[in-house]
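S.K.: sequence below, structure please.
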Amino acid sequence: MIDTLAFNYRKQLFAYDPSHVKGLSNPLTKAQIKTNNIKMNAYEMKLFLNTILLMNGDLIDEFDSVYKFLITFIKIVDIVMYEEFSDDILNELRALIVDHHTFYTTGFKEKLKPKHHFMVHYVNCIKELGPLKFLWCFRFEGKHAEFKKYANNITSRKNIPLTLATKYCFQFCSYLFGNSFFQNDLVDCKNFSPIDLSKLEFYQNLCTKFTIGNEVLSMRYKGVLYEKNYYVKSKNTVLLILKIFFDLHNEIFLICQECKTSFSEKFQSHEVLGTNNAYYLKKIDLKSVPSKLYTLNDGKKVVRFF
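M.R.: Just a heads-up that it's a prediction; the model follows:
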């Protein structure tokens, strides 16, 4: 059992990635926990789910049944967000959903809701339609927050839908005329500096003909922040970003070093144990969103990709 005050203390002081700060939810109250009525929007819940073990995993009994249920749910969310699936992964997803629903009805004594029924069809939907992350309504539902702000700021109550639609039209025109709507894929890219890759001590290990280009310390590509000393995942290998490199054709590459890692079942994260003498020149893609290195309360260094 974790004290509410201690839980909120860890939650608020957790070293979040700067790009996740906007997803911080309000502290939990005893009344919310007692009534099982925790108020969060979708983005806040997503961040909360992906960081709860990093914040409080060291306080949780690994043999606790509710903890095992949480692990099952996190695994389901992680798998559903994959972009590629094998038969083994789909079979694992089907088994996890069965375990989730079984404990939900027997452990919590709750009845399944319609959204639980939808989960039963996840595997078939993936087989028929492909990765579910390309079909979800997450970004569309995110637009609700904007209209809620409009509704709180207007005083007209005669025709609220028309007022909201008109206000949004003005906002959209502002985007268009302000050139903030049509942005390049690459933004917030600063501090260019020339670099000669051939002078790197590990250049021979990169297996590339590239030598001259430009280096940046950080950049935002298609809304995703890439920084030096962040980590990316390539299949089952965790890579440390050493340099962000542009060739003469403005193609973007990451110069990475392979890490020694061990997957922690308790924290559902990769514990970083060191680095190997293996280097890669990896063309940038969005299959693995970069992660910062998190230091847990017990001193372990981990990365979690979400």
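S.K.: mind listing what residue 119 touches?
M.R.: Listed by Cβ atoms under 8 Å, 6 or more residues apart in numbering, the contact partners of residue 119 are 76, 97, 100-101. Just so you know, the C-beta spots here come from the backbone N, C-alpha and C atoms, and that holds for glycine as well.
S.K.: if we use 6 Å, what do you get?
M.R.: Neighbouring residues of residue 119 by Cβ atoms under 6 Å, 6 or more residues apart in numbering: residue 97.
S.K.: state the helix or strand in which it lies.
M.R.: Assigned by DSSP states H and E, residue 119 belongs to helix 114-120.
S.K.: list the buried residues for that helix?
M.R.: The neighbour-count check on helix 114-120 (16 or more other Cβ atoms under 10 Å) flags residue 119 as buried.
S.K.: centre of the chain to it, how far?
M.R.: In terms of Cα atoms, centre = their mean, to the nearest Å, the gap separating the centre of helix 114-120 from the centre of its chain is 23 Å.
S.K.: and if you look at stretch 49-62?
M.R.: Per Cα atoms, centre = their mean, the centroid offset for stretch 49-62 relative to its chain is 17 Å.
S.K.: what mean pLDDT does it get?
M.R.: Average pLDDT, stretch 49-62: 91.
S.K.: next helix or strand past the helix holding residue 119?
M.R.: Downstream of helix 114-120 (by DSSP H and E), the next one is helix 122-129.
S.K.: using CSV, write down the CA coordinates of the helix holding residue 119.
M.R.: The C-alpha trace of helix 114-120 is given here as CSV (Å, rounded to 0.1, in the frame of the first residue of the first chain):
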residue,chain,number,x,y,z
PRO,A,114,-18.1,-2.0,-24.1
LYS,A,115,-14.5,-0.9,-24.5
HIS,A,116,-13.4,-4.2,-23.0
HIS,A,117,-15.4,-6.0,-25.7
PHE,A,118,-13.6,-3.9,-28.3
MET,A,119,-10.2,-5.2,-27.0
VAL,A,120,-11.3,-8.8,-27.8
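S.K.: where does pLDDT dip in the stretch 51-200 of the chain?
M.R.: Residues of the stretch 51-200 of the chain meeting the criterion pLDDT under 70: 179-188, 190.
S.K.: please enumerate the helices of the stretch 151-300 of the chain.
M.R.: In the stretch 151-300 of the chain, the helices defined using DSSP state H, counting those that start in this stretch lie at 160-177.
S.K.: from the opening residue of stretch 77-88 to its closing one, how far?
M.R.: 16 Å (Cα to Cα, to the nearest Å).
S.K.: can you list contacts of it?
M.R.: Stretch 77-88 has contacts (Cβ under 6 Å, 6+ apart) with 93, 126, 131-133, 287.
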